[in-house]
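Participant: What follows is a protein structure lacking sequence information:
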């Protein structure tokens with residue numbers, strides 16, 4: 001710690017000024033007080049700090065970017081069943097497609113989900129793996145304001161503060177998991193890290209279309 005005594009320099013200044021200012025006060029003022037200043041580390045920091053604004057670290061991305069999304073009109077989506085296939089359509093465009101029997105709820109599940117949102121987004125939609133649909137991750141944006149109940153949801157909970165990204169090795173892709181609970185498979189590391197970004201916003205993941213043995217089945221994920 002450095003100490004500076006100001007009394008001696010003050011006396012020298014008074015002599016050089018020939019009494020012009022140091023003796024200007026009346027004799028009743030008494031002897032000039034001595035001052036000492038201790039330059040503490042904090043004081044030094046204040047003295048040397050810049051006056052410009054402090055810039056924080058840039059905020060991380062809120063959602064995956066660039067996004068791969070499609071939009072639809074939730075008020076006019078419809079479902080159609082024919083020859084073992086449930087489709088969800090927006091006009092002439094097919095949004096989702098599932099295998100199932102005529103009495104299964106999978107079509108109604110998907111229709112209800114489509115009515116809740118205006119935007120359906122994907123990670124890994126362009127992958128060329130044999131089990132392509134297992135490596136496509138879905139998430140939904142722009143709530144429509146409609147909240148119809150999704151029948152028989154297939155969901156599991158997880159701790160969003162304990163997610164890890166893992167390379168499965170041997171070219172088998174990547175996955176995001178919570179402890180031993182694998183939440184989703186991804187085609188590459190970039191998709192996996194973007195998937196973790198989305199998963200960290202929720203605590204319950206749900207699927208439509210799991211359990212079908214074929215490789216041409218949409219498996220759609222969503223969050224509650």
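Facilitator: Right, received. Where do you want to start? Worth saying up front: this structure is predicted, and the values here are computed from it rather than measured.
Participant: how close does the most centrally placed residue in the chain sit to residue 192?
Facilitator: By CA atoms, centre = their mean, the chain has its centre lying nearest to residue 62, at 4.3 Å. Per CB to CB, to the nearest Å, residue 62 is found 18 Å from residue 192. All C-beta spots, glycine's among them, are computed from the backbone N, C-alpha and C.
Participant: got it, and residue 67?
Facilitator: 16 Å.
Participant: What of residue 206?
Facilitator: 19 Å.
Participant: what is the spatially closest residue to residue 214 that is not a sequence neighbour paired to in the beta sheet?
Facilitator: Spatial nearest neighbour of residue 214, chain neighbours left out: residue 99 (6.6 Å); criterion: CB to CB, 6 or more residues apart in numbering. Beta-bridge partners recorded for residue 99 (DSSP bridges): residue 85.
Participant: Can you pull out the low-pLDDT segments for the protein?
Facilitator: For the chain, applying pLDDT under 70 flags the ranges 1-60, 215.
Participant: in it, which spans are strands?
Facilitator: Using DSSP state E, the strands found in the chain span residues 2-5, 36-39, 69-71, 78-82, 85-90, 93-99, 117-123, 137-143, 154-157, 163-167, 174-178, 181-186, 204-208, 220-223.
Participant: Turn the ones you listed into JSON lines, including distance to residue 130.
Facilitator: Output for those, formatted as JSON lines (distance: least, CB to CB, whole Å):
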{"stretch": "strand 2-5", "distance to residue 130": "73"}
{"stretch": "strand 36-39", "distance to residue 130": "71"}
{"stretch": "strand 69-71", "distance to residue 130": "24"}
{"stretch": "strand 78-82", "distance to residue 130": "27"}
{"stretch": "strand 85-90", "distance to residue 130": "21"}
{"stretch": "strand 93-99", "distance to residue 130": "18"}
{"stretch": "strand 117-123", "distance to residue 130": "18"}
{"stretch": "strand 137-143", "distance to residue 130": "17"}
{"stretch": "strand 154-157", "distance to residue 130": "23"}
{"stretch": "strand 163-167", "distance to residue 130": "19"}
{"stretch": "strand 174-178", "distance to residue 130": "16"}
{"stretch": "strand 181-186", "distance to residue 130": "12"}
{"stretch": "strand 204-208", "distance to residue 130": "20"}
{"stretch": "strand 220-223", "distance to residue 130": "19"}
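Participant: So which of those is nearest residue 129?
Facilitator: Closest of the strands of the chain to residue 129 is strand 181-186, at 9.2 Å (criterion: CB to CB).
Participant: packing partners for that closest one?
Facilitator: The helices and strands touching strand 181-186, judged by 3 or more CB pairs under 8 Å, 6 or more residues apart in numbering; DSSP states H and E, are strand 174-178, helix 189-199.
Participant: Would you reformat these as TSV and include mean neighbour count?
Facilitator: Below are the helices and strands packed on strand 181-186 laid out as TSV (neighbours: other CB atoms under 10 Å):
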stretch	mean neighbour count
strand 174-178	21
helix 189-199	20
